[in-house]
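[1] Make a model of this:
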Amino acid sequence: MEIWFLGVMFRSKYHFRHFIVSVVALGISLVAFFVLGGGEEYFTLVFIYSVFGLFFFSLFLQATIETEWGDKNGEVWSKDCIWFNGLMAFIFFLEIAGALAHKSYFQ
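    Numbering: from 1, shown residues only. A predicted model of the protein is given here:
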């Protein structure tokens, strides 16, 4: 089953759902930065980013195990899961560093 969304083909409904969840998580993190980043709510902000970062990092590890480092693909897991979840985890860990740098700069 193939799903087309904004010109991108998803090979399964699981990949499409995960992409939507990822976009929502990224949106929540950006809203959290603009709402909480201006005040002294850095613990909450870093906590939110840490939860999302650990979530995507655990999916990255699970994808590497399930696909045997991309050697096999399935309906739920594929080699694309490895780089996508790794990239998302990296983005959230960059957000943690950015939030901490923002806090130290404005104190």
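[2] mind listing the strands for this protein?
    With DSSP state E, the ranges of strands along the chain come out as 3-5, 8-10.
[3] among those, which is the most enclosed?
    Highest mean neighbour count of the strands of the chain: strand 8-10, a mean of 13 (counted as mean count of other CB atoms under 10 Å). All C-beta spots, glycine's among them, are computed from the backbone N, C-alpha and C.
[4] For it, give the mean pLDDT please.
    Predicted confidence along strand 8-10 averages 76 (mean pLDDT).
[5] what's in contact with it?
    For strand 8-10, the external contacting residues (CB atoms under 8 Å, 6 or more residues apart in numbering) are E2, I3, W4, F16, F19.
[6] Tell me the gap between it and the middle of its chain.
    In terms of CA atoms, centre = their mean, to the nearest Å, the centre of strand 8-10 is found 18 Å from the chain centre.
[7] Output the lowest mean pLDDT helix or strand found in the chain.
    When each helix and strand of the chain is scored by mean pLDDT, DSSP states H and E, strand 8-10 comes last, with a mean of 76.
[8] follow-up on the earlier one: between the strands of the chain, which gets nearest to L36?
    strand 3-5 (30.2 Å; CB to CB).
[9] So which residues make contact with the closest one?
    M9, F10, S12, K13, F16, F19.
[10] Alright, calling it a day.
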